[in-house]
Structure formats: structure tokens, C-alpha cells
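Student: coords please:
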Amino acid sequence: MIALTTPSHIAILGAGLMGRLLALELAREGHRVEMFEAKGLEADGAAARVAAAMLAPLAESAITEPGVVRMGQYGLTRWPELLAHLDDHVFFQQNGTLVVWHRQDAADANRLCNLFEKNRRLNPTLPALESVGAQRLQEVEPALQGRFQQGVYLPGEGQLDNRQLLAALEKTLARLGVTFHWHTPRETTDFTPGTTGQPDLVIDCRGLGARTEWKNLRGIRGEVVRVHAPEVTLQRPTRLVHPRYPLYIAPKENHLFVIGATEIESDDMGPASLRSVMELLSALYTVHSGFAEARILEIATQCRPTLPDNLPALRWLDERVLQVNGLYRHGYMISPAMLDATLQILRTGSTELAQSFDVTVHQPHHA
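Tutor: Reported below is the predicted structural model:
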């Protein structure tokens, strides 16, 4: 495989989260980077735009593999370093996650907490969760106003503002001299890297756009509501245990909240259904009555690129074409780990970091 030991010309397909992060690090190293994106600079075709951008490895441990949890822990340390290189402010918070439930859902909550504890035994570096009663809940999150009698606090978990991040990345990349080709869809077969007038390396970060070449990619649909709620002052991401629609609320700056719950096995990118939105907003109101007067800014849908095992992977199509894909619902949580694993492979050929995260690296003869 090619090793980037000297300044190279690199084409990146897809200007979503992974594409922009890779472009940032490669441009900072002095490489000439071109980006080809099927949509516009707002990342309107990327799953990264429709996300809550929570960085919650212990919370996610209930539904994912240990390698993904380790990537999430890695990302909590790495994100502040990445954000420090950007030209604009990006909201980043590491205030932990609060999980609450109504009394009738206590059995489901107990099962969830048992999963958290089981995963802590598998990965002792995860912080211990704290069971909180009504009084401690009032101290941890006064905005909940005594609505819940019990919950668990997951310390150290974080979040960021995905829209601010994508904009700051675009601005910083422009300053670093990255060339953008907006509304310019490309396939890896449109390039012959290593030949005259062509890039030295092609990196495919197109998510579901790569399904023409990575056939077993599928879409997992998510629906997210963004609201402005001046009466609500939640200080950290809050999750509601519910048997049908477990809800998450991610508070950003200036009383902006990103709310989601749905995860549907579908690549349908049409508008959200009435049922999904009604269930989601009804559950939201039970968390805090201040959401009753919230203004709905956006109801957005998108499909996350997902491989059959729900895990990310790297795949060499040949010695000069590398694909990065399958980040599923964990894009912001695991992207720093995927970034550094990819960079290590490109710089040295080593897969040590990828192996430590249980990330499969497909060689060309496996394509």
C-alpha cells in the first residue's frame, strides 16, 4: 500500500464528517488535498448534518461492541485536540450523560443499568455510573424540577455541535488551501491514481454514496428534531428510557436542543412520519414542560451508512484507493479513532491502531 512519506496529491470523495477530518489532518501535514462532494458545502447530503453528536461510550455500550466503546473513549480525549486546530469556535461539552425514566419503565431501566455494569466489567476503564435518587437528581439537573424519582449519571461523557463543527472544518480547510468541488459526484473508478495528472491517492468517504462499489452497505434511517426552547436549561445530554421510543435530548448553545429516538432499518430518506414526530415530541414534553412552548426549527431525516455487522471498516480497493465507511450511528463518537487509524495506515502501513479498536482492514484481494 502507498505510504505518505512525502507531500502527495490526495483526492477525497465525500465532504461529510470523515472526509473533512481527513482533509484537515492531511492538509496540515502539507499534502495537496482535493475534495469531491455530490452535494453542497452545507453537508446537506451527509449523515453528519443530521445528528445529535453525542460522545457517549458508556451509554452506547448497551447496544454496541467493545471495540466501538474503546473508540468512543479515545474520541473523548482526541476531540479537544482536533477542535483546537479549527478557525472558529465549536461547542464542546463533557458534562456527562443523565439517564432517567418514569416509574412504569423501571424494569426496562434496571435491565439497561445491568448492561452498563456488565460492560464496565468487560472494560474497566469506563467510569462508574452513579445511581441518583430524587434529591441527587435535583442537584445534578435542577431543570428536571422533580419530575423523576430515579436515574443514573454517566460521568465524563460529552457532546459537540455538529453544524458548528462542519462549518468550522470547511472554513479551516479553505484557509489551508484545500480545493473543493461542490456538486461534483465522483466514483473511485473516475480516477487512475499514480498516473500523470492524477492524484497519488484516492480516499473514499462517501458513506451511502459508496454503495455502487461497496455492495453490502445499507441505510439505517434516523429522525431528528431541532427546537429552540428558552424555558429549558438542561445542562447535559439526557436520555429517557422508554419501551418503544427511547429518547435522547442534546442541549446545544443558546437553548437549542437536538432530539431523536427513531432507528429504522430503511434507506428511505423521505420526510419524517407523523407518528414518529408525535411520539417523539410527546415523550419530550414528559421530560420537561418547558418544551411545550419550544419552537420547532427543523424535522430532519437521514440514513447512516452501515455494514452488515454494524461496525466500521477500512477497505483497500487497490494500493492507491482506500475506502472508509460503516460508521453507523456512532459517527461523532468514533470518528477521531477512525481518523487516526486511517492516518496510521497511510503513513506507516501499520494496522496496529485499527486492530486495537477491532476495525477490519480489507486488503485488495478481499474487495
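
Student: now the end-to-end length of stretch 54-61.
Tutor: By C-alpha to C-alpha, to the nearest Å, the extent of stretch 54-61 from end to end equals 13 Å.

Student: Could you look up the SS state of the closest residue to D267 other than its chain neighbours?
Tutor: Here the nearest residue to D267 in space, its sequence neighbours aside, is G219; by C-beta to C-beta, 6 or more residues apart in numbering that works out to 3.1 Å. For the C-beta atoms, the positions are set from N, CA and C on the backbone; glycine is no exception. Three-state call for G219 (DSSP: H, G, I helix; E, B strand; the rest coil): strand.

Student: Quick check, G219 in contact with T301.
Tutor: No. Contact status for G219 versus T301: not in contact, 10.5 Å apart, counting by C-beta atoms under 8 Å.

Student: Helix or strand, whichever it is, which one in this protein has the lowest mean pLDDT?
Tutor: strand 256-264 (a mean of 85; mean pLDDT, DSSP states H and E).

Student: What is that strand packed up against?
Tutor: On a contact count with 3 or more C-beta pairs under 8 Å, 6 or more residues apart in numbering; DSSP states H and E, strand 256-264 meets strand 218-228, strand 247-251, helix 274-287.

Student: Buried deepest among these, which one?
Tutor: Most buried of those, by mean neighbour count (mean count of other C-beta atoms under 10 Å): strand 247-251, with a mean of 24.

Student: Low-confidence bits of this protein, can you list those?
Tutor: Within the chain, the segments meeting pLDDT under 70 span 262, 365-367.

Student: can you map out the helices along it?
Tutor: 17-28, 57-60, 66-83, 106-122, 134-140, 162-175, 274-287, 331-348, 352-356 (DSSP state H).

Student: Name the residues contacting each of G219 and T301.
Tutor: M269 (C-beta atoms under 8 Å, 6 or more residues apart in numbering).

Student: what sits against V99?
Tutor: Contacts of V99 (C-beta under 8 Å, 6+ apart): A59, A109, L112, G151, V152, Y153, L154, T238, R239, L240, V241.

Student: which among those residues gets closest to A38?
Tutor: When the contacts of V99 are compared for distance to A38 (C-beta to C-beta), A59 wins out at 32.4 Å.

Student: what separates the closest one from R32, distance-wise?
Tutor: Counting by C-beta to C-beta, to the nearest Å, the gap from A59 to R32 is 40 Å.

Student: Between the two, tell me which one has more neighbours.
Tutor: Remark: of A59 and R32, A59 carries more neighbours, 25 against 16, as counted by other C-beta atoms under 10 Å.

Student: The more buried one against R236, yeah?
Tutor: No. Contact criterion C-beta under 8 Å: A59 and R236 do not qualify, at 11.4 Å.

Student: E298 - how many residues pack around it?
Tutor: E298: 10 neighbours (other C-beta under 10 Å).

Student: Show the contacting residues for the closest residue to it other than its chain neighbours.
Tutor: Leaving aside its chain neighbours, E298 sits nearest to R226 (4.4 Å; criterion: C-beta to C-beta, 6+ apart). Residues near R226 by C-beta under 8 Å, 6+ apart: L256, F257, V258, I259, I296, L297, E298, A300.

Student: quick one: which of those residues is nearest W182?
Tutor: A300 (20.2 Å).

Student: Okay, and the beta partners of that closest one?
Tutor: Under DSSP bridges, the beta-bridge partners of A300 are V224.

Student: so it makes contact with A52?
Tutor: No. Using C-beta under 8 Å, A300 makes no contact with A52, being 11.1 Å away.

Student: tell me, what's touching these two both at once?
Tutor: The contact lists of A300 and A52 share V224, where a contact means C-beta under 8 Å, 6+ apart.

Student: Done for today, thanks.
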